[in-house]
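*Asks:* attaching a predicted model along with its sequence, questions to come.
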Amino acid sequence: MKITSSAIATIIVMRIFVAIAANRPELQFIFHDQSYHFYYGLLLMILALIFRRAKYGHIFFGIGAGLFIDDVSAFKYVMTGPALNPITEYWSPLFIIPLMVGLFVLIVSEIRLKKFFPSYEH
């Protein structure tokens, strides 16, 4: 469960940051930024797969998966651009359901991923 735990922790951190940013004018630029964190998540997952023998490769894969799942679940927001009330949309069932599906897929895949990363057991 190390990969899934890393992903869940990343999602929680991202959602806390979004909740804080929604109430802080100096942080509201993130709602208009076109650099979505699923790109960074995808990059982290790819790097973790390439460097799978690295000591914490599985943790980086989990962090990348968390970033990816969190933003892909908000795909409507990504496609339509900034919302009038981004915090409400970010927590809407339209975003939470795909997030839960993504986490379920990650949990089911963890057994195979565990075998893929040699450093998982250490």
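*Replies:* All right, it came through fine. Numbers count the residues shown, from 1 in each chain.

*Asks:* I figured L103 hits S6, correct?
*Replies:* No - between L103 and S6 there is no contact under CB atoms under 8 Å: 11.7 Å. To be clear about C-beta, it is placed using only N, CA and C from the backbone, and glycine gets the same treatment.

*Asks:* count of neighbours near G62?
*Replies:* The tally of other residues near G62 (other CB atoms under 10 Å) stands at 28.

*Asks:* what does the one 3 residues further on give?
*Replies:* Number of residues near A65 (other CB under 10 Å) recorded here: 28.

*Asks:* now name the helix or strand holding it.
*Replies:* Using DSSP states H and E, A65 maps to helix 57-72.

*Asks:* hmm, who's touching that helix?
*Replies:* Helix 57-72 is contacted from outside by 2-11, 14-15, 36-38, 40-49, 51-52, 54, 78, 98-99, 102-103, 106, 113-114, 117, 119-120, using CB atoms under 8 Å, 6 or more residues apart in numbering.

*Asks:* now with 6 Å?
*Replies:* 2-3, 6-7, 10-11, 14, 36-38, 40-42, 44-45, 48, 51, 102, 106, 117, 119-120 (CB atoms under 6 Å, 6 or more residues apart in numbering).
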